[in-house]
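Trainee: coordinates only, sequence not included:
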């Protein structure tokens, strides 16, 4: 907020400086209050850990409402809440018709919410907080996806430092590459924040399509794919501690599936006549598949023009998403891979009932507890998707729009289809619908279990 206020003061005609100053002041006062009046407790139980996780996300989203609401414009209370939650959860759905008309400070703040949310609110706070010993370990374990923990072979403080190093490095490099490709510094910074956070907020109404520059499209695709890989594996590969990034069967499956998806969508767009040339079909197909599978939600074309086959393929990739330990949302490719391996083993067990056939990821045997957790998560995810779609359909929206809006919110991809396609916005949605979408955004960002464990774990 303070940085946004400075940007407002430095740009003539930017009238949002008072909104940011007042928001900054209120946030600081509320934040300082418990430090002064509430005694320090050196121990946090597991239920309090999940309470901190949930309340932290809710509180940050709530304070993120202040600048939008105080500035005004199209930001009603519900719209401001929607934009704030969408930003911090890196969903990227918006109620704005024309972001270009907003002050630069507002656009910068939107992108900052992405960048902070991509890193993780609790992890971000831990970087600034004093040493918390066991509490820090518990908080980091609650914030990081359960599937990601095994690939972090470092202590808690080292894990946080690794995530930060990769995140900062990717942001800086993305910013530089955008500048070289021709973006001005402001667009480069905002899109670097959004791209590395796999968020999707853009300073342009037409998203990346507004930059009619194939190099910008290619750079965006490269960075979206890069940050969808587990940060621990990226760090090990970059630092030289392990040069075998593709030795992971999950990584190999991820890139192979994306390549197959791009080929199918390219042929579908080309043969159905959406684009005249194979080259143009390939560029836009690659961009759409990568954007959706990394749950970024950027657009090079309107998703409304996609043929049915391309739509089905992209829905699969939205559900699959990127790797655990990255900034992507969705079910996670790790769970999908374990599901396929479990299915293959189960078929073999039916053929050989007395054989002991373990489920393996590479050379590692997967525990039955993890398999059960993965299968339960996928089932629970699809159940929430179904129920929420029914609720939104009951509000009067057609099935395609309802399904895609719920899918886009729960997976944190933002861009949907139908009435909520990538070139449209969510302003036309009713207030109850927007509130439902924000609940799904937070649920998806916490990977469902965070909310469930808070209510079911006893002290």
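Mentor: On my side now, so go ahead. Predicted, not measured: the structure shown is a model, and the values here were computed from it. Numbers count the residues shown, from 1 in each chain.

Trainee: Can you name the element that comes right after the helix or strand bottoming out on mean pLDDT in the chain?
Mentor: Every helix and strand in the chain was compared by mean pLDDT, DSSP states H and E; the lowest is helix 134-143, with a mean of 46. Using DSSP states H and E, the helix or strand that follows helix 134-143 in sequence is helix 156-181.

Trainee: Relative to the whole chain's centre, how far out is the helix or strand that contains residue 346?
Mentor: Element membership for residue 346, per DSSP H and E: helix 333-351. Centre-to-centre, helix 333-351 and its host chain are 27 Å apart (CA atoms, centre = their mean, to the nearest Å).

Trainee: And for stretch 25-33?
Mentor: Stretch 25-33 has its C-alpha centroid displaced from the chain centroid by 28 Å (CA atoms, centre = their mean).

Trainee: can you pull the buried residues of it?
Mentor: Within stretch 25-33, the residues that qualify as buried are residue 27, counting by 16 or more other CB atoms under 10 Å. Placement of C-beta: from N, CA and C, glycine included.

Trainee: ok, now which ones touch the closest residue in space to residue 23 that isn't next to it in sequence?
Mentor: Spatially, and ignoring its direct neighbours in sequence, residue 23 is nearest to residue 66 (3.8 Å; CB to CB, 6 or more residues apart in numbering). With contacts defined as CB atoms under 8 Å, 6 or more residues apart in numbering, the neighbours of residue 66 are 1, 19, 22-23, 26-27.

Trainee: Return the set of buried residues in the helix holding residue 346.
Mentor: 333-339, 341-342, 345.

Trainee: after it, next one along is what?
Mentor: As assigned by DSSP H and E, the chain's next helix or strand after helix 333-351 is strand 360-361.

Trainee: So what are the sheet partners of that following strand and their directions?
Mentor: Partner strands and pairing direction for strand 360-361 (DSSP bridges) are strand 364-365 (antiparallel).

Trainee: burial measure for residue 369, as a count.
Mentor: As a burial measure, residue 369 scores 8 neighbours (other CB atoms under 10 Å).

Trainee: Next: the one 10 residues further on.
Mentor: As a burial measure, the neighbour count of residue 379 was computed by other CB under 10 Å and equals 10.

Trainee: Now name the helix or strand holding it.
Mentor: Assigned by DSSP H and E, residue 379 falls within helix 368-394.

Trainee: Point out where this protein drops to low pLDDT.
Mentor: Applying pLDDT under 70 to the chain picks out residues 42, 121-159, 240-244, 449-459.

Trainee: again, only using 50
Mentor: Applying pLDDT under 50 to the chain flags the ranges 128-144, 146, 148-154.

Trainee: Got phi/psi on residue 421?
Mentor: phi -70, psi 170 (degrees, to the nearest 10).

Trainee: quick one: contacts of the helix or strand hosting residue 4?
Mentor: Secondary structure assigned from DSSP H and E places residue 4 in helix 2-10. Here helix 2-10 makes contact (CB under 8 Å, 6+ apart) with 14-17, 20-21, 24, 67, 103-106, 108-109, 112.

Trainee: now for the following helix or strand past that helix, which elements pack on it?
Mentor: Beyond helix 2-10 on the C-terminal side, the first helix or strand identified by DSSP H and E is helix 17-37. Packing contacts for helix 17-37, counted by 3 or more CB pairs under 8 Å, 6 or more residues apart in numbering; DSSP states H and E, involve helix 2-10, helix 46-71, helix 104-119.

Trainee: Same list (those) but as a markdown table, adding distance to residue 286.
Mentor: Converted to a markdown table, the helices and strands packed on helix 17-37 look like this (distance: least, CB to CB, whole Å):
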| stretch | distance to residue 286 |
| --- | --- |
| helix 2-10 | 34 |
| helix 46-71 | 33 |
| helix 104-119 | 22 |
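
Trainee: just the ones you listed: most buried one?
Mentor: helix 104-119 (a mean of 24; mean count of other CB atoms under 10 Å).

Trainee: Return the distance of it from the chain's centre.
Mentor: That offset, for helix 104-119, works out to 13 Å (CA atoms, centre = their mean).
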